[in-house]
Structures are given as C-alpha cells and as structure tokens.
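Q: Quick one, what's the 3D model for this:
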Amino acid sequence: MAESDEAPEAAGAVPAVAALRWLRQQWRPKLQLSPESRELLVSRAAELEKQALAQEARELQELQQRLESGFQELNGQRRSADGLERSLERQRQSLEAIRGENARLQAQVSDVRQRCQEQVAKNASLSGDLAAKLQARAEAHTQVALLRAALAPAGSDAAASLEEEIKICRAQIRQVLEQNEALERRIAGTSM
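A: You can find the predicted model right below:
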C-alpha cells in the first residue's frame, strides 16, 4: 500500500473526520469502464472539446470583427479630422487673402477720397476765380461802362452830361411806367 493508504494511526493522531474520509476512499469501489463506455466517454469528451473550440473560435471571430470595425471607425474619424484640419487651413488662408485685399482696397479708397477732396478744393478755388472774372467782365459790359469808355477820349464833361441824360431818361421811363399802371387800373376798374 502507498503512504496515503496507511491507517491513520501510523501517521499520528488524526481527527476523526479525516479517519472517516480515509475509510471511505479506501473501501470505495474502483470504477471499471468497458471499452465501449471508455470509447463513448472519449468521443463525448472530444465532442465537448470541439464545441468549446468552436465557441472560442466564434468569440475570437466576433472580437476580430469588433476590432476591425473599431479600427475602421477610428480611421474614418482620423480622415474626417484631417479633412476638417485641411478645410480650416484653407479657410484661414482665404481669410488672410480677404484681409489683405480689404486692406489694399481701403488704401485705394482713402487715396481716391484724398484726391477727390483736393480736386473739390481746387474746383472751389477755380470757381471763385471764374466768378470774379465774370463779374468783372459783366461790369465792363454795362451800358454805363460802355458809354464811359466811348466818351472817355472826348473828355470828362461829355461823360458827366451823358450821365445826366441817362438819369433823365430813367426818370421819364419811370413816369411812363407809372402812367401805364394807372391806366391799367382804370381799365380794370371799369370792366368789372
């Protein structure tokens, strides 16, 4: 007998529970399997092992599919992020170009405004000069000025007498106009 098959007394003082266990194992009938039963158990064990391997293969395949779909999703997100970054970069460059164009156009507008203001000031000055020249020309061409210019070589007495005659003519014209108005009033009063 082996050491485990020896009685508990030989090993020393063992509690009663351990002794009972020893007795049960000692007198337990040995299981003798027939070759058919053994073959059935081996085939069943092989079948269970195949089922376990198939289950593990299915789980492994499912994990692989999840992993691949996760990588596809991750790659899609990376491509999307790269696309967004490139888009933002293009928009930043466009914004810089627009700002540059805006600054250039503002400089042109301020230049045009300055030239316009200078031209307006120049035109105002020319307009004043032209008005003064026209006024001088108009004064030079009045009836009195023309008569003075015509009589100036003849002498200053002739110019004075001519001015006196002009005053008399004006007074006569006023009298004629007043008489004309009085007649028109009478005619208008009688026709009513």
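Q: which is the next helix or strand following the helix or strand of the chain with the lowest mean pLDDT?
A: Using mean pLDDT, DSSP states H and E, the weakest-scoring helix or strand in the chain turns out to be helix 8-11, at a mean of 47. For helix 8-11, the succeeding helix or strand toward the C-terminus, using DSSP states H and E, is helix 16-27.
Q: So what's the gap between the helix or strand just after that next one and the chain middle?
A: If you walk from helix 16-27 toward the C-terminus, the next helix or strand you reach (DSSP H and E) is helix 35-140. How far helix 35-140 lies from its chain's middle: 12 Å, per C-alpha atoms, centre = their mean, to the nearest Å.
Q: mind showing which ranges of this protein have poor pLDDT?
A: Low-confidence segments of the chain, defined by pLDDT under 70, span residues 1-15, 28-33, 140-141, 143-159, 191-192.
Q: Got the domain ranges for it?
A: Taking automatic domain parsing as the reference, the chain has its domains at 1-30, 143-180.
Q: what's the neighbour count on residue 98?
A: Other residues lying near residue 98 total 10 when counted by other C-beta atoms under 10 Å. Glycine gets a C-beta too; all of them are placed from N, C-alpha and C.
Q: Relative to residue 108, how far out is it?
A: Distance, residue 98 to residue 108, by C-beta to C-beta, to the nearest Å: 15 Å.
Q: Same question for residue 171.
A: Separation of residue 171 from residue 108 (C-beta to C-beta): 67 Å.
Q: burial count for residue 95?
A: A count of nearby residues for residue 95, using other C-beta under 10 Å, gives 10.
Q: hmm, I was thinking of residue 162
A: 16.
Q: what about it, which helix or strand?
A: Here residue 162, judged by DSSP H and E, is contained in helix 156-191.
Q: and that helix, what other elements does it pack with?
A: Identification of packing neighbours for helix 156-191 by 3 or more C-beta pairs under 8 Å, 6 or more residues apart in numbering; DSSP states H and E yields helix 143-151.
Q: what's the distance between residue 169 and residue 163?
A: According to C-beta to C-beta, residue 169 stands 11 Å off from residue 163.
Q: For those two, indicate the residue with more neighbours.
A: More neighbours sit around residue 163 than around the other of residue 169 and residue 163, counting by other C-beta under 10 Å; the figures are 14 against 10.
Q: so how far is residue 170 from the more buried one?
A: Noted for residue 163: a distance of 11 Å to residue 170, by C-beta to C-beta.
Q: Return the residues in contact with the residue nearest the centre of the chain.
A: Taking C-alpha atoms, centre = their mean as the criterion, residue 95 is the residue nearest the geometric centre of the chain, at 8.6 Å. Contact criterion C-beta atoms under 8 Å, 6 or more residues apart in numbering gives no residues in contact with residue 95.
Q: Near residue 35, how many residues? Count them for me, please.
A: Considering only other C-beta under 10 Å, residue 35 is surrounded by 7 other residues.
Q: show me what contacts residue 69?
A: Not one residue lies near residue 69 by C-beta under 8 Å, 6+ apart.
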